[in-house]
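> Model the structure of this input:
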Amino acid sequence: MDRIYNGMPAAELGTEGWHKPWSGGNGGNCVEAMKLADGRIALRQSADPDGPALIYTHGELSAFIRGAKAGHADFLLY
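The predicted model follows:
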């Protein structure tokens with residue numbers, strides 16, 4: 001891989017190492033995550049595995065998860 005960037009085709013990150021930590025009873029549509037060698041995290045939509053990958057730093061994703069657990073993202077559900 002020459003360069004990993006936000007919005008790159010997820011297929012360029014390969015097929016190994018993707019996990020579905022948030023899958024559930026949603027008909028197979030879920031978010032997949034991959035930890036990259038440099039510590040960043042890639043996210044992709046499982047229904048579109050060749051679509052764009054969103055790349056986050058460990059700190060960014062940690063802040064999001066902590067905020068979601070604290071209820072800061074609840075507005076997205078209503």
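
> Spell out, range by range, the helices that occur in this structure.
Applying DSSP state H to the chain gives helices spanning 58-69.

> in the chain, which spans are strands?
Remark: strands assigned in the chain by DSSP state E are 31-35, 41-45, 54-56.

> The last one pairs with which strands, and in what direction?
The one in question is strand 54-56. Partners of strand 54-56 in the sheet, by DSSP bridges, are strand 41-45 (antiparallel).

> so which of the strands of the chain gets nearest Met8?
Closest approach to Met8 among the strands of the chain is made by strand 54-56 (7.5 Å; Cβ to Cβ). For every residue, glycine as well, the C-beta is placed using N, CA and C.

> Spatially nearest residue to the residue nearest the centre of the chain (excluding sequence neighbours)?
Nearest residue to the geometric centre of the chain (Cα atoms, centre = their mean): Leu43, 1.9 Å. Leaving aside its sequence neighbours, Leu43 sits nearest to Leu54 (Cβ to Cβ, 6 or more residues apart in numbering; 4.7 Å).

> burial of the one you found, as a residue count?
Counted with other Cβ atoms under 10 Å, residues neighbouring Leu54 total 16.

> if we can go back for a sec, which strand residues bridge the residue nearest to the centre of the chain?
As for beta bridges, Leu43 partners with Ala33, Leu54 under DSSP bridges.

> Could I get the contacting residues of it?
Shown in contact with Leu43 (Cβ atoms under 8 Å, 6 or more residues apart in numbering): 31-33, 53-54, 56.

> which of those has the weakest pLDDT?
The lowest pLDDT within the contacts of Leu43 belongs to Val31, with 91.

> Would you agree that one is in contact with Pro49?
No - the criterion here is Cβ atoms under 8 Å, and Val31 misses it with Pro49 at 11.5 Å.
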